[in-house]
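Output the structure for:
(chains A, B, C and D)
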Number of protein chains: 2
Amino acid sequence: MEQGFAPVARNTVAEEIIKQIISQINTGKLKPGSRLPSERELMELFQVSRSSVREALHSLSMIGLLETYPGAGTFVSKQITDVIAGRLEWSLLLGNQELMELMEVREPLEIQAAGLAAERASAEDVAGFRMVIERYAESLESGENIHHYELQVHHTIARMAGNPTLLRFIETFQNLLREYREQHRIGFSTDASSVQEYMDILQAIEAGDGDTARACMARHILKSKRNALAVQLREKSLSEAPAEQER
Amino acid sequence: MEQGFAPVARNTVAEEIIKQIISQINTGKLKPGSRLPSERELMELFQVSRSSVREALHSLSMIGLLETYPGAGTFVSKQITDVIAGRLEWSLLLGNQELMELMEVREPLEIQAAGLAAERASAEDVAGFRMVIERYAESLESGENIHHYELQVHHTIARMAGNPTLLRFIETFQNLLREYREQHRIGFSTDASSVQEYMDILQAIEAGDGDTARACMARHILKSKRNALAVQLREKSLSEAPAEQER
DNA sequence: GTGGCTAATTGGTCTGACCAGTAGACCAAA
DNA sequence: TTTGGTCTACTGGTCAGACCAATTAGCCAC
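Next up is the predicted model:
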C-alpha cells in the first residue's frame, strides 16, 4: 500500500561536501586537472572538521573523480571517462546470476551501437574497423591475444556509434566481463566464424544499413552466448569427470 | 624510453583496509546483508585509528558496497550489481550529456525490458500492468498527473522484466530525462494514441511474444520521440519568434 | 501485549596533535 | 651555468580522545 511515506532524509556532513564538490565540477568552476583548496582550507570554507572533509575527498577519490598526492594537494581527475577503470575487483563480487543480469543490459546496448555506427561511421572509421577485424583474424590463427583483439572489435564499433555515454556503458560491461572470465578461469568461445560475422557487420556499416548491422550484431551475440554456455558446461563436466574432449 | 622504472607503490592505511574488506566479501566470510564489526572493533583488529577505518568504510559506502546505519552498524549491501549500476550513475551525473545521447542509451534498454517482460511476466503482473495503463488513460482524460502515470507504465514494464539491474538503469535514465526536461522547461508530448500503443505491448506480453513486445515498444518510443522533437521545435520557434505553428 | 524508561552500543562529528612527503627558494660547489 | 644540498612552509596521512545523536535491547509498570 502506497502511503507516501519514505525514510526521512538524513544528510551527513560528508555527503553534503560531496554534493558541493560535484556541483562545482559540473558547473565548470572546478575543471579536470585543477587543484582543490587544501583540506585545511576546505575545513574553514565548509565550516566543518577536517575528518569530514577527508571522508568526502577520500570517497570521491575512490570513485575516481579526485586524485590526491601527499604534500602536493588534491586534484580533479583529468580523464573522468576513466572513472570506470576498476580500482576494485568488481568481478570477484559477481555471481552467475548477477552476470546474467548484466549481460541482459549489455546486449541491447551493443546492438544499438552497431546500428548507430552504420548511420554515422565515416570512411576512415570503416577502414580502421576493417584493420581491427584483420588483426583479430590474425590473432585467431596465431592464437595470441585473441581476447584483446576481440574486445577491440567491439570497442571500435561502440566508438563509431559516436555516443560517449553509450561507449562508456559498453566499456564498463566489457571490462566486467573480462575480469569475470579471468577470475573464474573461463575460457573464451572464439571460433573462426566470428570473423565472418564481423565482416557482415562491417559491410552493413559500410552500406549505412543500420537495421542489418543490428541484426548481424544480434546474431553474433546470440551465437557467442551459446558458445560461452557450451564452454562453461564442458569445463564444468571436465572438472567433475576429467574426460578429454575437443569439439 | 623504457627503463623499467615505475612510481613506487604507496599504500595508504585506508586502501589496505578496503582491500581486506573486499577480500573478506570475496571469500564469503562477509556475506551480503551481514554486519561488520563496529568501527571501534575494526580499529583494534586492524591496529589503526578510527579515522582510517572510517575513511575506508565511507568510501565503500559511497560506491554502494556497504551501508551504514547510525546506532546500528555497518552492513554489506545485498545487491552487488547495484554497485556497478551506482558507479555508472556517478558518471552520468557528471558531464553534460546531450539529451539525444541519453535517449540512445535508454531506448534499447526499454525495448529489451519489454521483450524480457513478455518472456517472464506472470498473470498477476499482466493484470497489474493493465490497471496501470487504465490509470494512465484516466489521467489523460482528467489531465492530472499525466507524466506520473506515464512513467509508471514504463516502470511497470521494466519491473516485469525481472532484472533488477536493468530496472535500475531504466529508472536512472528516466530520472535524468525528467530533470533535463524540468531544467530546460520542455513540455511533454502525450497524446491519446499512447494508450493504444501500451495496450499493444500489453497484449504481446500477455501472449508471451517477446519479439512483438519489442517491436511495439520500439514503435512507441519512436513516436514519442518524434512528438518530443516537434514540441521542442515548436517551443523554440515560439520563444524566438512568437508565431503560432502546428506541425 | 502495549508503551515508556534506562543503559549500553554504534555511527557522526569535532579538536588538536605529530609525522612524512612535496614544492620552491636559496645557496654553495663543480 | 649547472648541479646538488639545504632549509622552510605547506600538504596529505595518521593518530588519540572526546562528545553527540540514534539505535537497540532489556526491564517494568500499565
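
Roughly how far does A:Y198 sit from A:L151?
13 Å (Cβ to Cβ, to the nearest Å). In short, each C-beta sits where N, CA and C put it, glycine included.

so which helix or strand takes in the residue nearest the centre of chain A?
Nearest to the geometric centre of chain A sits A:T172, at 1.1 Å (Cα atoms, centre = their mean). Element membership for A:T172 (DSSP states H and E) is helix A:164-183.

counting contacts, what elements does whatever helix or strand comes next after that helix pack onto?
Remark: after helix A:164-183, the chain's next helix or strand is helix A:193-206, criterion DSSP H and E. Packing partners of helix A:193-206 (3 or more Cβ pairs under 8 Å, 6 or more residues apart in numbering or on different chains; DSSP states H and E): helix A:96-120, helix A:123-142, helix A:146-160, helix A:210-240.

Nearest residue to the residue in chain A that DNA strand D sits nearest to in space, please, no chain neighbours.
DNA strand D sits closest to A:S38 of chain A, with a gap of 3.3 Å, by Cβ to the nearest atom of the strand. Of all residues not flanking A:S38 in the chain, A:G73 sits nearest, at 6.2 Å (Cβ to Cβ, 6 or more residues apart in numbering or on different chains).

Give me the number of neighbouring residues for that neighbour.
The number of residues packed near A:G73 is 13, by other Cβ atoms under 10 Å in any protein chain shown.

same thing with A:H184?
14.

same question, A:H155
So A:H155, with other Cβ under 10 Å, has 16 neighbours.

Return the distance of it relative to DNA strand C.
With distances taken as Cβ to the nearest atom of the strand, to the nearest Å, A:H155 is found 34 Å from DNA strand C.

I'd say that residue and A:R168 touch.
No: A:H155 is not in contact with A:R168 according to Cβ atoms under 8 Å; the separation is 11.4 Å.

and A:E206, what does it touch?
Residues near A:E206 by Cβ atoms under 8 Å, 6 or more residues apart in numbering or on different chains: A:121, A:126.

tell me, how many neighbours does the residue in chain A that DNA strand C sits nearest to end up with?
Going by Cβ to the nearest atom of the strand, DNA strand C is nearest to A:G71 of chain A, at 2.3 Å. A count of nearby residues for A:G71, using other Cβ under 10 Å, gives 4.

That one looks like it's in a strand, true?
No: going by DSSP: H, G, I helix; E, B strand; the rest coil, the assignment for A:G71 is coil, not a strand.

tell me, how many neighbours does A:S61 end up with?
22.

Equivalent analysis for A:A117, please.
29.

got a pLDDT number for the closest residue to it other than its chain neighbours?
Distance criterion Cβ to Cβ, 6+ apart; nearest residue to A:A117, sequence neighbours excluded, is A:M160 at 3.7 Å. pLDDT for A:M160: 96.

picking that back up, need the helices and strands packed on helix A:193-206 in a markdown table (columns: distance to A:L202).
As requested, those are exported to a markdown table (distance: least, Cβ to Cβ, whole Å):
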| stretch | distance to A:L202 |
| --- | --- |
| helix A:96-120 | 10 |
| helix A:123-142 | 6 |
| helix A:146-160 | 9 |
| helix A:210-240 | 9 |
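
Of all those helices, which one is nearest B:V126?
helix A:96-120 (20.4 Å; Cβ to Cβ).

what's the angle from the closest one to helix B:99-120?
Calculated by axes from the mean of the first three to the mean of the last three Cα atoms, to 10 degrees, helix A:96-120 forms an angle of 130 degrees with helix B:99-120.

What are the buried residues along helix A:96-120?
A:98-99, A:101-118 (16 or more other Cβ atoms under 10 Å in any protein chain shown).

Could you tell me how far it lies from the centre of the chain?
Averaging C-alpha positions (Cα atoms, centre = their mean, to the nearest Å) puts helix A:96-120 11 Å from its chain's average.

Report the buried residues of stretch A:211-223.
Result for stretch A:211-223 [16+ other Cβ under 10 Å]: buried residues A:212-218, A:220-221.

So which residues on chain A come close to DNA strand D?
A:36, A:38-41, A:50-51, A:54, A:57-58, A:68-74 (Cβ under 7 Å from any atom of the strand).

Contact partners for A:Y69?
A:F75 are the contacts of A:Y69 under Cβ under 8 Å, 6+ apart.

partner residues bridging it?
As for beta bridges, A:Y69 partners with A:G73 under DSSP bridges.

Next, count neighbours for A:E171.
A:E171, neighbours per other Cβ under 10 Å, totals 19.

That one reaches A:A158, doesn't it?
Yes: between A:E171 and A:A158 there is a contact under Cβ under 8 Å: 7.2 Å.

tell me the pLDDT at A:M217?
pLDDT at A:M217 comes out at 96.

Double-check that A:E67 belongs to a strand.
Yes: under three-state DSSP, A:E67 sits within a strand.

Surely it touches A:F75?
Yes: assessed by Cβ under 8 Å, A:E67 is found in contact with A:F75 at 5.2 Å.

Where does pLDDT dip in chain A?
A:1-10, A:79-95, A:185-190, A:231-232, A:234-236, A:238-247 (pLDDT under 70).

Apply 50 and report the result again.
Low-confidence segments of chain A (pLDDT under 50): A:1-3, A:82-86, A:243-247.

of the residues of chain A next to DNA strand D, buried ones?
A:36, A:39, A:51, A:54, A:57-58, A:68, A:74.

Please identify which pair of those residues lies farthest apart.
A:L36 and A:S51 (16.7 Å).

Now do the contacts for the residue nearest to A:A117.
A:113, A:116-117, A:120-121, A:125, A:129, A:205.

In the helix or strand containing A:I25, which residues are buried?
A:I25 belongs to helix A:13-26 when assigned by DSSP H and E. Residues of helix A:13-26 classed as buried: A:13-15, A:17-18, A:21-22, A:25 (neighbour count, 16+ other Cβ under 10 Å).

out of those residues, which touch chain B?
A:14, A:18, A:22, A:25 (Cβ under 8 Å from any Cβ of the partner chain).

Tell me the spatial nearest neighbour of the second one, not counting adjacent residues.
Read that as A:I18. A:A56 (4.9 Å).

tell me which strands and helices the helix or strand where that neighbour lies is in contact with?
Element membership of A:A56 [criterion: DSSP H and E] is helix A:50-62. Applying 3+ Cβ pairs under 8 Å, 6+ apart, one finds that helix A:50-62 contacts helix A:13-26, helix A:39-46, strand A:66-69, helix B:50-62.

Out of the ones you listed, which gets nearest to B:P32?
Here helix B:50-62 is closest among the helices and strands packed on helix A:50-62 (Cβ to Cβ), at 13.2 Å.

hmm, the closest one in reach of DNA strand C?
Yes: applying Cβ under 7 Å from any atom of the strand, one finds helix B:50-62 in contact with DNA strand C at B:50-51, B:54, B:57-58.

export the residues you listed to JSON lines and tack on distance to B:A85?
Conversion of the residues of helix B:50-62 next to DNA strand C to JSON lines gives the following (distance: Cβ to Cβ, whole Å):
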{"residue": "B:R50", "distance to B:A85": "31"}
{"residue": "B:S51", "distance to B:A85": "30"}
{"residue": "B:R54", "distance to B:A85": "25"}
{"residue": "B:L57", "distance to B:A85": "21"}
{"residue": "B:H58", "distance to B:A85": "20"}
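
Identify, from the residues you listed, the entry nearest to B:Q79.
Among the residues of helix B:50-62 next to DNA strand C, and counting by Cβ to Cβ, the member closest to B:Q79 is B:L57, at 18.4 Å.
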